[in-house]
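# need a structure here:
(2 chains)
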Amino acid sequence: MASTTRASSVDASLEELKGAKKPTRPVLTPTEALLYAILVFYAVFSLLPFIFAFLSSFKPEAQVLAQPPSLLPQNPTLQHFQEIFQSREFPFPNYIMNSLLYAAVSAGLNVVLGAMAGYAFGRMEFPGKSILFALTLAVLMIPSNLIMIPKFLVANSLGLVNTLGALIIPAAVTPVSVVLMTQFLKTLPRELEESAMIDGAGRFRTFWQIIFPLIRPAMITVAIFQFQGAWNDFIWPLLVMQDADKYTLTVGLTFFKGVHYTQFGLLLAGAMINVAPLVVVFFIFQRHFMKGVSTSGLAGR
Amino acid sequence: MQPALPLKRVSRLRPKKLSRLRMRETVAAFGFLAPYLIVLTVFTLIATITAFYLSFFYVNFGFTEPIWYGLKNYQIIWYDLTHNGQFLNSLINIVKYTVGVVTLQTVLSLALALLLNTKVRGRGFFRTAFYLPALTSSVAISLIFLWLYNTHGALNYVLGLVGVPAHAWLNDPNTALPAIMLLNIWTTAPTFMLVYLAALQDIPETLFEAARIDGATTWDTIRHITVPLLRPTTFVVVALGTIGASQLFDQVYVMQGPDCGPLGSTCTPALIIYNTAFKSSLMGLACAQAFVLFVVIFTLTVLQKRYIDVDIQY
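Below you'll find the model as predicted:
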């Protein structure tokens, strides 16, 4: 925050300097004013539900649906969060742990395995390459919910149901990660590995020692994408994690809602437990993430 | 593998050595690809083939071995479709929902991208703020909107200020689906906004300069340059939007429960498929339903490709 205000005050004084020489121009033209008004309006529209829900999760139950609603809680309380973490019927610490393992382990695997596949697609020549890459792009277009049932049957016959393996293994390297990595690896200069390979290093050594350390932006993008996807995933954990202590946070929250559907203070606190960690991770890495999305065009085009 | 002698004799052309190098390269490439190809084969390709195969079987999961059923599952679906059944109802719902969501979110995401592609200050802040709804989980968003849409909730309070009477938006068959549409547009548009923003940066600046010299207004350049040049991107946005919207499950399941909402108004094919498979344990019928839905989505995507995606030459 401090640095942005400093930067803008420097900008402002620069403007002043310029303004001293040129005839003064209005601070904002009407078009610009309208543009800023729309942007601010949509920013409020995007953020307000979260801010309002966050503040309301600290309100005593009686205030949560008060009319007229107030933004700030009177007598803020942590009672909803305490109640959630002390629930015997719904072991939320387990749910958080399961979600975290699913998200973190699958994100790590996607970075390594996705980079390997992306290296082959982006920087090597081999028979069948174009067919396999076209297949990868085609799979992106398959509606994933439609193959949930057979995917469940496959996981079931492999004995994975009710284990973290059922969550992590099918998500260990996704077509999206492979496409993102391929697009990024294609942009690195050819000479990088040529010199290493002339020195007699094999493909695997070149990949690990030369290429892998250079792809940090793509790694962060893939990791955040997969972390977000797994942390937010609902239908697949709902199918494969059937014991109450094996649920992920999203599934646990849904069954929690089934019991406490009138206690909105509790539901909002639960939603915040799900939202907050992701927002923190996102704000730490958001510059890399936005860059990754814009260089890869999100899905393979 | 190859005899070494002939290799030496033709050493200036070295076709054998080259092919051996290619062989090694191919082996290495498949080594890099192995984990990906295994996961893809087991959980996507085999799963898809199994689904098609099982759609011809009676599968009472966990109780009996699959029994050959011929086209009977498809006949059951046909009967439903021709007799105003629940599956037909869900298909009608999802078509309405998809057309509404995809149209509005495509326009909104393009508008937001155009606004952010100007020289405004604080673009980074606005981009991050706009993206927040797309970051969070469908379950958390559903819980928040369950509260906002409540009869005593904030939405009704705000609408009350302009004279609209309080309404139980999610319990009324006429408003339950539109209410979910609205929240889905809000959460999906920012993702496609980023796709449009990336594409906008690829349009050469010289095109706009030329148009400006010819006296074109901003609106003219958007209509006659930007939008036509973005057609391939629009196809991606519309196709991915269609695939996403037509699978609607999480929000309905969390907000309305596993049944079909007021008078079946929020019933979706994904919900029916889930219920058929895991409540009625009829996996074969569920697979057949999934294929019917797949054909519907696939047809839509092909039509979109035909009418939206046109080759562009700069």
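
# now do the contacts for A:Asn75.
A:Asn75 is in contact with A:Pro60, counting by Cβ atoms under 8 Å, 6 or more residues apart in numbering or on different chains. From N, CA and C alone the C-beta is placed, and that goes for glycine too.

# what do you get if the cut-off is 10 Å, keeping everything else the same?
A:Asn75 makes contacts with A:58-60, A:63, as judged by Cβ atoms under 10 Å, 6 or more residues apart in numbering or on different chains.

# and these, which are buried?
A:58-59, A:63 (16 or more other Cβ atoms under 10 Å in any protein chain shown).

# out of those, which sit inside helices?
Judged by DSSP state H, the subset of those located in helices is A:Gln63.

# burial of B:Phe57, as a residue count?
19 (other Cβ atoms under 10 Å in any protein chain shown).

# helices along the stretch 1-150 of chain A, start to end?
Per DSSP state H, counting those that start in this stretch, the stretch 1-150 of chain A has helices spanning A:2-21, A:30-56, A:61-64, A:79-86, A:92-123, A:129-140, A:148-157. These are given in chain order.

# lowest-scoring secondary structure element of chain A by mean pLDDT?
helix A:2-21 (a mean of 49; mean pLDDT, DSSP states H and E).

# residue closest to the middle of chain A?
Residue closest to the average C-alpha location in chain A (Cα atoms, centre = their mean): A:Gln228, at 2.9 Å.

# that one contacts A:Val281, correct?
Yes - if you go by Cβ atoms under 10 Å, A:Gln228 and A:Val281 touch, sitting 8.2 Å apart.

# now for these two: what residues contact both?
Here A:Gln228 and A:Val281 have A:103, A:107, A:289, B:135 as joint contacts, going by Cβ under 10 Å, 6+ apart.

# quick check, nearest of the residues you listed to B:Val236?
Closest approach to B:Val236 among the shared contacts of A:Gln228 and A:Val281 (Cβ to Cβ): A:Phe289, at 19.3 Å.

# low-confidence ranges in chain A?
For chain A, the stretches with pLDDT under 70 are A:1-26, A:291-301.

# tally of neighbours for the closest residue to chain B within it?
Here the residue of chain A nearest chain B is A:Asn232; by Cβ to the nearest Cβ that distance is 3.5 Å. Neighbour count of A:Asn232, defined by other Cβ under 10 Å: 23.

# if you skip the residues just before and after it, what's nearest to it?
Excluding the flanking residues, the one nearest A:Asn232 by Cβ to Cβ, 6 or more residues apart in numbering or on different chains is B:Ser137, at 3.5 Å.

# where does the one you found fall, phi/psi-wise?
Torsion angles at B:Ser137 (phi, psi; degrees, to the nearest 10) stand at phi -80, psi 150.

# strands along chain B, start to end?
B:57-58, B:67-68 (DSSP state E).

# quickly compare these and say which is most buried.
strand B:57-58 (a mean of 18; mean count of other Cβ atoms under 10 Å in any protein chain shown).

# report whether that one contacts chain A.
No - among the residues of strand B:57-58, none lie within reach of chain A under Cβ under 10 Å from any Cβ of the partner chain; the closest is 11.6 Å away.

# how about residues contacting that strand?
Contact with strand B:57-58 is made by B:64-70, B:72-73, B:282-285, B:287-288, as judged by Cβ under 10 Å, 6+ apart.

# how close does B:Leu37 get to chain A?
Distance, B:Leu37 to chain A, by Cβ to the nearest Cβ, to the nearest Å: 8 Å.

# so A:Glu61 touches A:His80, yeah?
Yes - in this structure A:Glu61 lies within contact range of A:His80 using Cβ under 10 Å: 7.9 Å.

# so which of the two has more stuff around it?
Shown here are A:Glu61 and A:His80; by other Cβ under 10 Å, A:His80 has more neighbours (26 against 14).

# now do the contacts for B:Ile308.
B:106, B:231-239.

# go through the residues you listed and flag which are in helices.
Within these, membership in helices is found for B:106, B:231-239, as judged by DSSP H.

# tell me, what's touching A:Glu61 and A:His80 both at once?
A:263-266.

# keep only those residues that also lie close to chain B.
Applying Cβ under 10 Å from any Cβ to the shared contacts of A:Glu61 and A:His80, one finds that A:264-266 fall near chain B.

# can you list the domains in the chain?
As the question left the chain open, I've gone with chain A. What automatic domain parsing lists as the domains of chain A is A:29-77, A:87-296.

# I was after chain B.
B:4-54, B:85-308.

# hey, least reliable of these by pLDDT?
Of all the domains of chain B, mean pLDDT reaches its minimum on domain B:4-54 (a mean of 80).

# separation between the residue in chain B positioned nearest to chain A and B:Gln289?
When scored by Cβ to the nearest Cβ, chain B has B:Ser137 as its residue closest to chain A, at 3.5 Å. Look at B:Ser137 and B:Gln289: by Cβ to Cβ, to the nearest Å, they are 26 Å apart.

# also B:Arg231?
In terms of Cβ to Cβ, B:Arg231 sits 34 Å off from B:Gln289.

# neighbour-wise, which of those two wins?
Neighbour totals were compared for B:Arg231 and B:Gln289, and B:Gln289 leads with 28 against 14 (other Cβ under 10 Å).

# grab the nearest non-local neighbour of that one.
B:Ile273 (5.0 Å).

# try B:Gly264
Per Cβ to Cβ, 6+ apart, closest to B:Gly264 is B:Asn89, 5.3 Å.

# neighbours around that neighbour, how many?
B:Asn89 has 19 neighbouring residues, counting by other Cβ under 10 Å.

# which residues are in contact with it?
B:80, B:260, B:263-265, B:267-269, B:272.

# one step back: so which of the domains of chain A is the most packed in?
domain A:87-296 (a mean of 19).

# now that one, how far from the centre of its chain.
In this view, domain A:87-296 has its centroid 9 Å away from the chain centroid, taken as Cα atoms, centre = their mean, to the nearest Å.

# with stretch B:116-129 instead?
Chain-centre distance of stretch B:116-129: 26 Å, with Cα atoms, centre = their mean.

# before we move on, what about stretch B:21-33?
That offset, for stretch B:21-33, works out to 34 Å (Cα atoms, centre = their mean).

# for stretch B:144-158, same thing?
Centroid separation for stretch B:144-158 versus its chain: 28 Å, with Cα atoms, centre = their mean.
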